[in-house]
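1. let me see the structure of the following:
(2 chains)
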Amino acid sequence: MIEAIIYISTLLITLTVVGKAGDAGYLNGALQRGFAGVSVQVVSANFLLSYTNFESFIRACFDGMIGISGYAFLLALGVLLVVWINNLYEYRQAIV
Amino acid sequence: MYVGPNGPGTYSYVWLNGDENWTSFYDDPATTADDQIAACAYIVDGQCVGIDVGYANPAIMTGGSYLIGLDWKLPAVSTSLFQSHRHVCGGLSNCYVGTSGDGPFAYKLGPQYFDAMEQNETLDKWRFTFVDREVNYNCENDIFTNVTFDGIMTFIYDNSTLTYPNFQFEESTKYFYETWDSQNGHWIETCHVGFDIIWDFTGFESLEISDFNRGDWDNTEILFTLDNFKLADGGFDDIGTTALPIAGDHFVDFSIEHQQVSTVEAGFVIKTGTLLLAAVTFAFALASTPYWDPFRNAFKGALD
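-> Below is the predicted model:
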């Protein structure tokens, strides 16, 4: 569940980065976009999972160890993901 | 007085050894007096500065220190634990119990090991040092190598357990220290088979531990397991023949150092920080919509 949140977040970030790069005239080939997308996704997911406490932080929020602040953060994170997914559907990029 | 599982004075014992529970053979070796327990010391900037610092810090240790015997050459006051093999000859065919190999090796420690920990505070990190004191080697000896292994830490309090199963360690088996040669006026390098491992808990885990035992270290036990020992360089040597401080049929010197954190301070910082993070995340979500662009608004004059 928690890893899924992280992967979804990094996927949305990846789509935004690749989309913005495409808009700016870079990564015109499908191969380039695919390679850049996979690279960004792998690096950002590994960074969050391995080199930061992000996973244990979210887990602590879910478990109620950080109290109402933790739930507030989860709510804000949920809103952010919903907005990004909606943006992706409406505007073909997460951040508009 | 804390009474261990096998009667008074049993502060520690081997719980598992090579998948076998040999507890009855590995009861507390000799430590019954309080000063023989591996009392904790504080870690500050990587150095032990806790109790008995006068002779416990290897940087200022002299030859006279090991006349005390148990307060030997480790960073903190130390005690002895049994190594992997135990010579018992109690109806056994080969007189030995225990196995070598890649583990698991598990020890259970009573609350005497946490004497110096402040009540009502929680744990930030522990450093456990294991040294086979009986033989020292030239520091360039090939007996020393790098090993990787896994660690599991279980806290036991009020008949409940809290387990952290995902520690991973990579350590050199060379335990290096210097002693002062007062006759010749220089430091002497000495190396033993040993390693120290640091159990570093995240801030959230520290809060969880605090919530679990309410900072009552006088009544908390731990069970820790070291398992899956492997040679770090992937060599062809059998880990069963690799010199490890916990492998053998005598004792391993063992000490604990700790670093604590106030649950009130930690809780305040984490909860306040999380609240700020929630606000920033929410603002970021809003800024991701077309209805609010803080960057464009901030630089409106400059951009126009």
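2. contacts and neighbour counts: CA atoms only from here.
-> OK.
3. give the contact list for B:Gln183.
-> Residues near B:Gln183 by Cα atoms under 8 Å, 6 or more residues apart in numbering or on different chains: none.
4. I'd like to know how far it sits from chain A.
-> As judged by Cα to the nearest Cα, to the nearest Å, B:Gln183 and chain A stand 49 Å apart.
5. assign a three-state SS to that residue, would you?
-> Put simply, B:Gln183 is coil when judged by DSSP: H, G, I helix; E, B strand; the rest coil.
6. hang on, A:Glu90 in a helix?
-> Yes - counting by three-state DSSP, A:Glu90 is part of a helix.
7. what score does it have for pLDDT?
-> On the pLDDT scale, A:Glu90 is placed at 81.
8. ok, how many other residues are close to B:Gln168?
-> 17 (other Cα atoms under 10 Å in any protein chain shown).
9. so what sits opposite it in the bridge?
-> Beta bridges link B:Gln168 to B:Asp150, judged by DSSP bridges.
10. quick check: the gap between it and chain A.
-> Taking Cα to the nearest Cα, one finds B:Gln168 at 13 Å from chain A.
11. ok, that residue - contacts?
-> Shown in contact with B:Gln168 (Cα under 8 Å, 6+ apart): B:Thr148, B:Phe149, B:Asp150, B:Gly151.
12. JSON lines for those residues, including distance to B:Asn141 and pLDDT?
-> Output for the contacts of B:Gln168, formatted as JSON lines (distance: Cα to Cα, whole Å; pLDDT from 0 to 100):
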{"residue": "B:Thr148", "distance to B:Asn141": "20", "pLDDT": "92"}
{"residue": "B:Phe149", "distance to B:Asn141": "22", "pLDDT": "93"}
{"residue": "B:Asp150", "distance to B:Asn141": "26", "pLDDT": "94"}
{"residue": "B:Gly151", "distance to B:Asn141": "27", "pLDDT": "95"}
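13. surely B:Leu223 and B:Thr161 touch.
-> No - applying Cα atoms under 8 Å, one finds B:Leu223 not in contact with B:Thr161, separated by 9.6 Å.
14. which residues are common contacts for those two?
-> With Cα under 8 Å, 6+ apart, B:Leu223 and B:Thr161 have common neighbours B:Thr154, B:Phe155.
15. in chain B, what secondary structure element scores lowest on mean pLDDT?
-> Here the helix or strand of chain B ranked lowest by mean pLDDT, DSSP states H and E is helix B:53-56, holding a mean of 37.
16. chain A too?
-> Scanning chain A with mean pLDDT, DSSP H and E, the lowest is helix A:30-46, at a mean of 69.
17. the following helix or strand past that one and chain B in contact?
-> Remark: after helix A:30-46, the chain's next helix or strand is helix A:54-62, criterion DSSP states H and E. Yes - Helix A:54-62 comes into contact with chain B (Cα under 8 Å from any Cα of the partner chain), by way of A:Ser56, A:Phe57, A:Ala60.
18. which residues of chain A lie near chain B?
-> So chain A meets chain B at A:53, A:56-57, A:60, A:65-67, A:69-70, A:72-77, A:79-81, A:83-84, A:87, A:94-96 (Cα under 8 Å from any Cα).
19. which of these are buried?
-> In these, burial by neighbour count holds for A:56-57, A:60, A:65-67, A:69-70, A:72-74, A:76-77, A:79-81, A:83-84, A:87, A:94-96, counting by 16 or more other Cα atoms under 10 Å in any protein chain shown.
20. tell me the centre residue of chain A?
-> Centroid-nearest residue in chain A: A:Ser9, 1.9 Å away (criterion: Cα atoms, centre = their mean).
21. secondary structure class for the residue lying closest to that one once chain neighbours are set aside?
-> Nearest in space to A:Ser9, with sequence neighbours left out and distances taken as Cα to Cα, 6 or more residues apart in numbering or on different chains, is A:Leu81 at 6.9 Å. At A:Leu81 the chain is in helix, as set by three-state DSSP.
22. for B:Ala278, same thing?
-> Recorded secondary structure, B:Ala278: helix (three-state DSSP).
23. run through chain B and note the low-pLDDT ranges.
-> Counting by pLDDT under 70, chain B shows low-confidence ranges at B:1-80, B:86, B:89-94, B:178-182, B:187, B:235-238, B:294-304.
24. low-confidence regions, chain A specifically.
-> For chain A, the stretches with pLDDT under 70 are A:1-2, A:27-33, A:35-37, A:40-41, A:44-53, A:93-96.
25. and if we set it to 80?
-> Within chain A, the stretches with pLDDT under 80 are A:1-56, A:65, A:88, A:91-96.
26. confirm that B:Ser84 lies within a strand, as I assumed.
-> No - in this structure, B:Ser84 is coil, not part of a strand, as judged by three-state DSSP.
27. what's around B:Glu140, how many residues?
-> Using other Cα under 10 Å, B:Glu140 has 9 neighbouring residues.
28. how is it assigned, secondary-structure-wise?
-> Three-state assignment for B:Glu140 (three-state DSSP): coil.
29. for B:Val147, same thing?
-> strand.
30. report the contact partners of the nearest residue to B:Arg214 once chain neighbours are set aside.
-> Closest residue in space to B:Arg214, ignoring its immediate chain neighbours: B:Asn120 at 6.4 Å, by Cα to Cα, 6+ apart. Residues in contact with B:Asn120 (Cα under 8 Å, 6+ apart) are B:Ser210, B:Arg214, B:Gly215, B:Asp216, B:Ser262, B:Thr263.
31. take the residues of helix A:54-62 next to chain B and write them to a markdown table, including distance to B:Phe254.
-> Shown next, in a markdown table, are the residues of helix A:54-62 next to chain B (distance: Cα to Cα, whole Å):
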| residue | distance to B:Phe254 |
| --- | --- |
| A:Ser56 | 30 |
| A:Phe57 | 33 |
| A:Ala60 | 33 |
